[in-house]
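Undergrad: Give me the fold of what follows.
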Amino acid sequence: MRRIQRDPDVDRVIAVDAVAPAHQLGDADFVRVDIRQPAIARVLAAHAVDTVVHLDVSGKALGAGGRTTVKETNVIGTMQLLGVCQKSPTVRRLVVKSSTSVYGSAPRDPAVFTETTPPKSLPSGGFAKDAVEVEGYVRGFARRRPDVAVCVLRFANILGPDADSPLADYLALPVLPTVFGYDPRLQFVHEDDVIDVLRIASYEPRRGTLNSGTFNIAGDGVLLLSQCARRLGRPTMPVLLPAVTWVGQALRTVGMTDFSPEQIRLLTHGRVVSTVQMRETLGFHPGFTTSETFAAFARSLGPGLLPPATVGRAVDRLAAMPFAGGTGEDPVITGAGDTQPTPGVR
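TA: Alright, predicted model coming up:
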């Protein structure tokens with residue numbers, strides 16, 4: 001927020017939310033309004049808003065109201081906001097926060113999703129389905145208001161010292177339940193890069209860039225879930241796929257994490273997206289790789305139950321056993337217990 005306020009091209013910032021912020025917003029004006037209510041129209045009209053940045057599309061389902069309230073805010077709130085923007089004569093730019101979860105996670109997925117790759121199977125529920133519906137309404141808005149520049153940012157899993165998401169809650173568990181026989185590839189984007197790309201998408205495009213369209217946003221490279229566990233120093237608990245749902249229900253019941261079906265699919269099949277358009281068209285280059293983003297998140301959690309090198313050696317020796325398909329020889333360990341470098345994805 002403060003980064004945007006310091007920009008000389010920004011006259012005023014109006015922050016809107018249904019709850020008061022927990023910290024100061026600098027020189028920004030805060031208006032307490034629920035975007036599901038018609039009052040949001042008065043805010044846009046009173047301040048002659050020309051750029052709308054819609055961030056209230058959340059995957060956090062725990063807490064008061066649960067999943068029902070989250071879906072209402074994600075979908076109904078977006079519909080209400082788009083209706084107001086459509087009628088506003090001053091709105092010229094719309095930026096919407098979405099998620100790479102719109103691609104789903106399935107066994108026959110391509111190795112890398114581009115922005116135009118259709119999912120093998122559409123998400124059937126949860127936050128991923130909300131994101132699909134939100135993008136559908138945004139496309140409809142873009143057709144009705146072709147004079148408005150519309151930018152949809154599909155973020156990979158957002159992590160960092162202040163991360164607050166179902167995946168962050170999962171990774172903070174003392175022992176990580178995993179799906180037996182699967183080691184999914186994951187991508188992350190640092191919370192600071194999220195702010196930076198939102199700032200770029202909100203401005204008028206510079207020469208050689210186009211700040212409208214749909215863009216995957218992720219840090220370079222991928223990490224396997226097993227590598228994440230090693231770097232956190234957290235042991236894993238492999239669970240047979242049919243029993244994973246029971247484990248998820250137990251974790252939701254005690255309020256530890258929202259181990260939803262969509263998250264189970266992600267932790268089974270993983271997901272990797274291309275960021276070529278992010279760099280070449282949007283002109284954004286993340287300051288953190290996937291590995292660096294995860295390292296910042298890991299530092300915020302503190303040490304795990306076991307030293308990362310100890311976890312890595314134990315996992316690698318088990319993988320080398322003949323019954324696991326190995327040769328019986330210890331692999332060469334590099335880094336924090338990782339057996340091989342992780343390729344970059346662009």
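
Undergrad: those helices in the stretch 151-300 of the chain, which residues are they?
TA: For the stretch 151-300 of the chain, applying DSSP state H, counting those that start in this stretch gives helices covering 166-171, 191-202, 225-232, 241-253, 261-269, 276-280, 290-301.

Undergrad: low-scoring stretches of the stretch 101-250 of the chain, by residue?
TA: Within the stretch 101-250 of the chain, the stretches with pLDDT under 70 are 206-210, 248-250.

Undergrad: And the strands in it, which stretches?
TA: Per DSSP state E, counting those that start in this stretch, the stretch 101-250 of the chain carries strands over the ranges 149-155, 157-159, 176-179, 185-186, 188-190, 213-217, 223-224, 236-239.

Undergrad: Please render the helices of the stretch 151-300 of the chain as a markdown table that adds distance to Arg108 and mean neighbour count to the earlier fields.
TA: C-betas here are computed from N, CA, C, even on glycine. Formatted as a markdown table, those follow (distance: least, CB to CB, whole Å; neighbours: other CB atoms under 10 Å):
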| stretch | distance to Arg108 | mean neighbour count |
| --- | --- | --- |
| helix 166-171 | 23 | 20 |
| helix 191-202 | 30 | 19 |
| helix 225-232 | 19 | 24 |
| helix 241-253 | 16 | 14 |
| helix 261-269 | 9 | 21 |
| helix 276-280 | 23 | 17 |
| helix 290-301 | 24 | 20 |
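
Undergrad: now those helices in a markdown table, with distance to Tyr182?
TA: Below are the helices of the stretch 151-300 of the chain laid out as a markdown table (distance: least, CB to CB, whole Å):
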| stretch | distance to Tyr182 |
| --- | --- |
| helix 166-171 | 15 |
| helix 191-202 | 27 |
| helix 225-232 | 8 |
| helix 241-253 | 8 |
| helix 261-269 | 5 |
| helix 276-280 | 27 |
| helix 290-301 | 19 |
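
Undergrad: I'd like to know which of these is closest to Arg12.
TA: Comparing the helices of the stretch 151-300 of the chain by their distance to Arg12 (CB to CB), the top pick is helix 191-202, with 13.1 Å.

Undergrad: angle of the closest one against strand 149-155?
TA: For helix 191-202 against strand 149-155, the angle by axes from the mean of the first three to the mean of the last three CA atoms, to 10 degrees is 160 degrees.

Undergrad: Contacts for helix 191-202, please.
TA: With contact meaning CB atoms under 8 Å, 6 or more residues apart in numbering, helix 191-202 is reached by 3-4, 7, 51, 53, 55, 93, 95, 97, 151, 153, 155, 158-163, 211, 215, 217, 219, 278, 282-284, 286-288, 293.

Undergrad: mind running it again at 7 Å?
TA: Contact partners of helix 191-202, identified using CB atoms under 7 Å, 6 or more residues apart in numbering, comprise 3-4, 51, 53, 93, 95, 151, 153, 155, 158, 160, 162-163, 211, 217, 219, 282-284, 286-288.

Undergrad: Can you select the buried ones among those for me in ChimeraX?
TA: Typed into ChimeraX, the line below selects the buried ones among the contacts of helix 191-202, using 16 or more other CB atoms under 10 Å:
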select :4,51,53,93,95,151,153,155,158,160,163,211,217,219,282,283,284,286,288
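
Undergrad: if we can go back for a sec, let me have the strands of the stretch 101-250 of the chain in TSV, adding distance to Ala106 as columns.
TA: Conversion of the strands of the stretch 101-250 of the chain to TSV gives the following (distance: least, CB to CB, whole Å):
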stretch	distance to Ala106
strand 149-155	17
strand 157-159	17
strand 176-179	14
strand 185-186	14
strand 188-190	21
strand 213-217	18
strand 223-224	18
strand 236-239	20
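
Undergrad: among those, which is the most enclosed?
TA: Most buried of the strands of the stretch 101-250 of the chain by mean neighbour count (mean count of other CB atoms under 10 Å) is strand 188-190; its value is a mean of 27.
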